[in-house]
Each structure stands twice: as structure tokens, then as C-alpha cells.
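1. prediction below, plus the sequence it came from.
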Amino acid sequence: MSLDTRKTAFTTPNPTEVVAIRTFGAPRWLVFAAHTEPKHLQQWLLGPDGWSMPICEVDLRVGGAWRYGWRNDADGSAFEMRGVYLDVEAPSRVEFTETFEDYPESVNILEFSDEGSQTTLTVTMRYASEEIRDIVLATGMTDGMSTSYERLAGHLTTLS
């Protein structure tokens with residue numbers, strides 16, 4: 001299947017999951033590094049324009065913790081997400097918990113597959129219930145992810 005590399009496709013394959021698929025024109029090891037190294041994450045994982053990521057802590061090992069903190073540069077508002085790595089198989093898979101503000105913990109799985117010079121990222125986000133999944137979707141999460149992945153596509157061109 002050929003995917004438009006300028007788009008992130010989202011599906012809800014069952015009542016508790018959201019799946020995002022995006023293809024990048026970069027090798028798998030580089031797309032993996034961009035998802036696991038602070039020097040890259042702080043360049044692209046920002047959501048809407050005008051946000052920065054002053055907190056980016058990554059202990060990439062099973063049982064290691066991660067913590068991201070964002071700040072709206074215009075008004076100073078901020079929020080954080082954190083979690084623990086459950087599985088790390090570089091450069092093909094990362095599984096981790098995610099806790100965001102008052103929402104119950106989710107489990108996210110990033111799978112990186114390559115074909116030639118392109119890498120397809122499949123992100124599976126598992127929530128405790130359909131209600132929680134739908135609340136998270138209503139926050140505009142897909143728009144933020146799409147914007148960040150557009151930014152990542154540009155960042156990757158500066159690295160490869």
C-alpha cells in the first residue's frame with residue numbers, strides 16, 4: 001500500500017485503540033532516533049506552532065522513565081506527560097506507558113518498518129475504555145500529532 005508521506009492516517013480499529021500510520025522518507029534507524037533522543041524530540045514533538053519543549057528526559061531501557069514538558073511561548077501555559085518504557089527493540093519497536101494530566105494511563109506502541117529508503121511508523125495507543133479514548137480524541141490530539149509529524153518530516157530532511 002502506498003501512503004501519502006505528507007499525511008498521517010488515523011483509525012479506531014476497536015473501542016479502546018487509536019492507530020496512527022505515517023511514512024517518512026528516511027531510514028528506519030533515523031526515524032527511531034528521532035523518536036527516542038531528546039536532541040531530536042525537542043525539534044519536532046511540539047504540537048501546534050508556538051509551543052516549545054523545555055523538558056525532555058529519556059531513559060531508553062525497559063523500566064526506564066521518560067518525561068516531556070511543553071510550554072506555550074505566548075502565554076506561558078504548560079503541561080507534562082510521563083511514562084515508563086515496557087519494551088525497547090531498537091530500531092524496530094518501543095512500548096511505553098503514558099500519563100497525561102488527569103487522564104488514565106495508556107499504553108503506546110511504536111513500530112518502525114522500512115522499505116527501501118522509506119520508514120513507516122505505526123503508533124498504537126491503547127486506552128482503558130472507549131469513553132477515555134473518545135475524550136482523548138476530542139482534545140485535538142490527532143491535529144497535534146499530524147502537525148508534529150509534518151515537523152518531523154522536515155527535521156528528518158536536515159539529518160539524512
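-> Nice, I can see it.

2. who does the helix ranked longest in the chain touch, helix- and strand-wise?
-> As assigned by DSSP state H, the longest helix anywhere in the chain is helix 141-157. Counting contacts by 3 or more Cβ pairs under 8 Å, 6 or more residues apart in numbering; DSSP states H and E, helix 141-157 is packed against strand 17-24, helix 28-36, helix 38-44. From N, CA and C alone the C-beta is placed, and that goes for glycine too.

3. for it, list every residue counted as buried.
-> Neighbour-count burial for helix 141-157 flags 141, 144-149, 151-153, 155-156 (criterion: 16 or more other Cβ atoms under 10 Å).

4. for those, which one is nearest E17?
-> M141 (13.2 Å; Cβ to Cβ).

5. how about the contacts made by the closest one?
-> Counting by Cβ atoms under 8 Å, 6 or more residues apart in numbering, M141 touches V18.

6. same for the helix or strand encompassing I55, what does it pack against?
-> Using DSSP states H and E, I55 sits in strand 51-58. On a contact count with 3+ Cβ pairs under 8 Å, 6+ apart, strand 51-58 meets helix 38-44, strand 65-72.

7. give me the mean pLDDT for the shortest one.
-> So that's helix 38-44. Mean pLDDT, helix 38-44: 97.

8. repeat for stretch 55-72
-> Mean predicted lDDT for stretch 55-72 stands at 97.

9. which single strand of the chain contains the most residues?
-> Secondary structure assigned by DSSP state E gives strand 78-89 as the longest strand of the chain.

10. let me see the mean pLDDT of that strand.
-> What strand 78-89 shows for mean pLDDT is 96.

11. buried set for that strand?
-> So for strand 78-89, counting by 16+ other Cβ under 10 Å, buried means 82-85, 88.

12. re earlier: now the two most distant members of the buried residues of helix 141-157.
-> Spatial extent of the buried residues of helix 141-157 (Cβ to Cβ) is set by the pair M141 and L156 at 21.9 Å.
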